[in-house]
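Asker: got a predicted model here, sequence first, then my questions.
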Amino acid sequence: MLYHYTPMQKSINIISGHIPCPSTLGDAQQTYWLLEALVAAGIEVHLYTYSKSDSTIDTTNNHQLSKICSSIKSYPVNEGHRNFSFSAPYATGKYLNARLINDINENNFPILIEGMGPCGLALSTELAHRKIWVRLLTYAPNYFKYLQERSSAPLKKLFYQREAVLSKRILKKINERVSWIVTDDANKKLLANLFLGGAIQILAPFISSSNDITSKTGLGNYCLFQGNLSDAATHKTASWLLTHVFHNLKVPFVITGNNPSPTLVTLAHSQPHTCIVGNPSSTELQDMIEKAQIIIQPCFIKQEADEALLEGIKKGRHCLTNTKTASNALGACYHQGSSANAFQEIIIQLYHHPFSEEEIETRKQLIAVEKTNDILAKECATIIWS
């Protein structure tokens, strides 16, 4: 069936390399909030996403998606040596899919690609006549450089180095076909320097639907790190905390998130004061955040507060992250450490320090001036349909 766009009804195609989900941190969560906000603004969303198997998304486990999207189609991820290329990164090649391109050509709605992964689709000659935007949530060259630095196996280091180099090349190539959406001015400058120009717009990250601060006063019981543990960079960060911060700091430390690897589970349980909780429910996760004394959320890829840190600010007590170079209006809501030793010193200072009403009030005042998803949805629509 061929869909027809009319000026009275705004419709959009959104391509996401991850199944958008409100309970999975990172880009998948960010995409879900985008979908939710656009639909609330009266925009019809057609979602094209990927899963490990070539099957329709399980609407039992993803009922939120089926409620908000007008249509959902899923495609298999191309894995293995057949996806290897000397000219393109593996991270983009695994999302190339001829059937998706055919499906998206059944309508003439604008196309928004979420993240670096699927953006290689923009190079298809069959989409040459389409207007395409890419919302770059994570700068891929920095992502792979981080993995290269944190990997000890020579072959893995070489692979990540190659991915970082090829990611820069394909971004430059794709720049000739798309317009970009980035999260802040620092990322805009990063892309502008890489492209020596380019059509780049800024759209702040979307947030959870509630801006309420529900942090508890007093003392919590442990330090907590949460994240999408199936993501390689998040896995490396969790390992770094276990081996460089809590290896000799005898403070209770809990890691939680989806799909932790057996290696990470073994590492987390190798010491009596550290543990891991895999695949918590939303209720369990909220309970863990509320009971924690310190929310520890380093993110070495992004230079601004990420989704996990924002959740900690809204629902947790003391928050600790790595030093951020991007200006952030919420900087007064969290502590920053420049090294593992600095993390240890800050944790020692905060672990027995009660969280106060004054700190909650500071958070309320700063969060109140942040843009709501309603405003961000309108800004996104202006970018797409201007």
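Answerer: All right, it came through fine. Numbers count the residues shown, from 1 in each chain.
Asker: got the phi/psi numbers for Gly117?
Answerer: The phi/psi pair for Gly117 (degrees, to the nearest 10) reads phi -50, psi -60.
Asker: the nearest residue to it once chain neighbours are set aside and Ser239, how far apart?
Answerer: Nearest residue to Gly117, sequence neighbours excluded (CB to CB, 6 or more residues apart in numbering): Gly17, at 3.5 Å. Just so you know, the C-beta spots here come from the backbone N, C-alpha and C atoms, and that holds for glycine as well. For Gly17, the distance to Ser239 (CB to CB, to the nearest Å) stands at 24 Å.
Asker: just Ala308 next, same as before
Answerer: Distance, Ala308 to Ser239, by CB to CB: 16 Å.
Asker: looking at the two, which is more packed in?
Answerer: Ala308 (26 against 17; other CB atoms under 10 Å).
Asker: can you give me the mean pLDDT across whichever strand or helix holds that one?
Answerer: Using DSSP states H and E, Ala308 sits in helix 307-315. Helix 307-315 shows a mean pLDDT of 90.
Asker: tell me what that helix is packed against?
Answerer: Secondary-structure packing of helix 307-315 (3 or more CB pairs under 8 Å, 6 or more residues apart in numbering; DSSP states H and E): strand 223-227, helix 282-291, strand 318-322, helix 357-368.
Asker: go again with 7 Å.
Answerer: Under the contact criterion of 3 or more CB pairs under 7 Å, 6 or more residues apart in numbering; DSSP states H and E, helix 307-315 touches helix 282-291, strand 318-322.
Asker: packing partners of the longest strand seen in the chain?
Answerer: Assignment by DSSP state E gives strand 44-51 as the longest strand of the chain. Where contact means 3+ CB pairs under 7 Å, 6+ apart, strand 44-51 is packed against strand 11-16, helix 27-40, strand 71-76, helix 98-104.
Asker: and it, C-alpha only, in CSV?
Answerer: Extracted C-alpha coordinates of strand 44-51, given in CSV (Å, rounded to 0.1, in the frame of the first residue of the first chain):
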residue,chain,number,x,y,z
GLU,A,44,2.2,9.7,12.8
VAL,A,45,5.3,7.5,13.3
HIS,A,46,6.3,4.5,11.1
LEU,A,47,9.1,2.6,12.8
TYR,A,48,11.7,0.4,11.1
THR,A,49,13.9,-1.4,13.5
TYR,A,50,16.2,-4.4,13.8
SER,A,51,16.2,-7.6,15.9
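Asker: where does the chain dip in pLDDT?
Answerer: 1-8, 53-62, 81-84, 86, 209, 326-327 (pLDDT under 70).
Asker: helices of that one, start to end?
Answerer: For the chain, the helices defined by DSSP state H cover 27-40, 63-68, 90-93, 98-104, 140-150, 154-174, 185-195, 232-240, 262-268, 282-291, 307-315, 340-351, 357-368, 373-385.
Asker: fine by me, we can end here.
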